[in-house]
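>>> sequence and predicted structure below; questions after.
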Amino acid sequence: MNLPDKRRSRRIRIGQPIKVRASNSKEPFEETNITKNVSRDGIYFISGIHAYAEGMRLYVTVPHHMPRDPQDREYLGQVVRVEKLPEGHNGVAVQFLSEVKPR
């Protein structure tokens, strides 16, 4: 049986550098990573960090450059899916809720 696709925008398979940090985790964490795919509304990436959980709020910078680049954007996002993958990794899907404006 095919399930309906809940996505509102098309995904593009692209590896963009990202920085992810927890906004409401009991154990704060931060990681840099590479996306597996992106859309206008969110991202999907593979992580070895096991703290991700559905409903968790995150700050996501995409793309992420050091030093900061004018095209870098920070978003408040919410984890909508965590998939257990082989070798102890997780696939993490994050929906963007709003852009965080720089101060």
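In hand now; what should we look at? Worth saying up front: this structure is predicted, and the values here are computed from it rather than measured.
>>> the strands in this protein, which residues?
Ranges of strands within the chain are 17-22, 30-38, 42-47, 57-62, 73-84, 90-100, based on DSSP state E.
>>> give me the mean pLDDT for the last one.
Regarding strand 90-100, the rounded mean pLDDT is 97.
>>> before we move on, what about the second one?
In this model, strand 30-38 has a mean pLDDT of 96.
>>> how far out from the middle of the chain is that strand?
Using CA atoms, centre = their mean, to the nearest Å, the mean C-alpha position of strand 30-38 is found 6 Å from that of the whole chain.
>>> who's in contact with it?
Strand 30-38 is touched from outside by 11-22, 43-47, 49, 62, 64, 91, with contacts defined as CB atoms under 8 Å, 6 or more residues apart in numbering. For the C-beta atoms, the positions are set from N, CA and C on the backbone; glycine is no exception.
>>> tabulate the strands of the chain in a markdown table, adding columns for mean neighbour count.
Putting the strands of the chain into a markdown table (neighbours: other CB atoms under 10 Å) gives the following:
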| stretch | mean neighbour count |
| --- | --- |
| strand 17-22 | 18 |
| strand 30-38 | 16 |
| strand 42-47 | 20 |
| strand 57-62 | 19 |
| strand 73-84 | 16 |
| strand 90-100 | 17 |
